[in-house]
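Engineer: My questions concern the predicted model and sequence given below.
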Amino acid sequence: MSGHSKWATIKHKKGALDAKRGAIFTKLIKEITVAARAGGGSPESNPRLRTVIAKAKEANMPSDNIERAIKKGTGELPGVTYEEVTYEGYGPAGVAILIEAMTDNKNRTAAEIRSALEKRGGNLSGAGSVAWQFLKKGLLLVKKDAADEDKLMSIALDAGAADFVTQKDSFEITTEPHDFEAVKKAIHDAGIATESAEVTRIPSGVVKVSDPSAAKNVMSLVESLEEHEDVQNVYANFDIPDEILQSLA
């Protein structure tokens, strides 16, 4: 499993995101606004909006907040215009990091991202220096005790999944981005709960980080970036041993 999905699973288990619900809502509102502006305010005809609304509901965001964000995106209500920006860089131990942000001030955000990287031994690099190392994929994780392996594999592959891998505690299902919703729906329609489900970026190769001190620096950087109010997603190609990740979590 990639470092990204390992860490995402641990964060999910320890409830780190729930502790910062206000920050989550702010990020989701930006994402809803941008999705509505780009593809219209109807979830039925806007897959990106439909996906982020599902995320918002999973985070227990009130429907009124969702509706207001959509209307700001379509121009029915006044609101800030956010621009999507991607930053690329390297962290401790040569770990590649891809950062997706939404901002109303690119200069401010770039300066703050650069500072966060440099404080923890990393650096901001040029466009294209890191992005090629990450593939956009749908990723669904299902706990082993939530489904029969053969049944889940059959459902996922029949719905269009590209790969099915059995991990220590979970099943990892990978899809092409355009097949993600169909696979997720098929699994949910079968009454099987997913531990996490998202369209993400999976590293094509990993950097092994076995030194506990270096691993701590990597995770400190990733967490500081994820906490930035303009940052929507952080992807990194680290491979840190499970026992070190658990101790850091």
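Structural biologist: Here it is on my side, so go on. Not measured: the values here are computed from a predicted model.

Engineer: State which helix of the protein is the longest.
Structural biologist: helix 21-39 (DSSP state H).

Engineer: Next, find the distance separating the residue nearest to Leu221 when sequence neighbours are not counted from Val207.
Structural biologist: Distances taken as CB to CB, 6 or more residues apart in numbering place Arg120 nearest to Leu221, at 4.1 Å, with adjacent residues excluded. For the C-beta atoms, the positions are set from N, CA and C on the backbone; glycine is no exception. Counting by CB to CB, to the nearest Å, the separation of Arg120 from Val207 is 15 Å.

Engineer: Let's verify the residue of the chain positioned farthest from its centre: helix, strand, or coil?
Structural biologist: Going by CA atoms, centre = their mean, the residue of the chain most distant from its centre is Glu76, 28.7 Å out. Going by DSSP: H, G, I helix; E, B strand; the rest coil, the secondary structure assigned to Glu76 is coil.

Engineer: Equivalent analysis for Asn60, please.
Structural biologist: coil.

Engineer: What is the burial count for it?
Structural biologist: When counting by other CB atoms under 10 Å, one arrives at 10 neighbours for Asn60.

Engineer: where along the chain do the helices fall?
Structural biologist: 3-14, 21-39, 47-58, 63-74, 106-119, 149-159, 180-189, 212-227, 242-248.

Engineer: so how far is Val222 from the residue nearest to Leu221?
Structural biologist: Arg120 is 9 Å from Val222, by CB to CB.

Engineer: Okay, buried residues for the longest helix of the chain please.
Structural biologist: Using 16 or more other CB atoms under 10 Å as the test for burial, helix 21-39 gives 24-25, 27-37, 39.

Engineer: relative orientation of it and helix 212-227 in degrees?
Structural biologist: 60 degrees (axes from the mean of the first three to the mean of the last three CA atoms, to 10 degrees).

Engineer: other SSEs contacting helix 21-39?
Structural biologist: helix 47-58, helix 63-74, strand 96-103, strand 231-236 (3 or more CB pairs under 8 Å, 6 or more residues apart in numbering; DSSP states H and E).

Engineer: any residues touching that helix, and which ones?
Structural biologist: For helix 21-39, the external contacting residues (CB atoms under 8 Å, 6 or more residues apart in numbering) are 17, 45-49, 52-53, 55-56, 59-61, 65-66, 69-75, 79, 81-82, 84, 102, 227, 229, 231-232.

Engineer: quick check: angle from that helix to strand 231-236?
Structural biologist: Going by the same axes, to 10 degrees, helix 21-39 makes 100 degrees with strand 231-236.

Engineer: In the protein, where's the longest strand?
Structural biologist: For the chain, the longest strand by residue count, based on DSSP state E, is strand 134-143.
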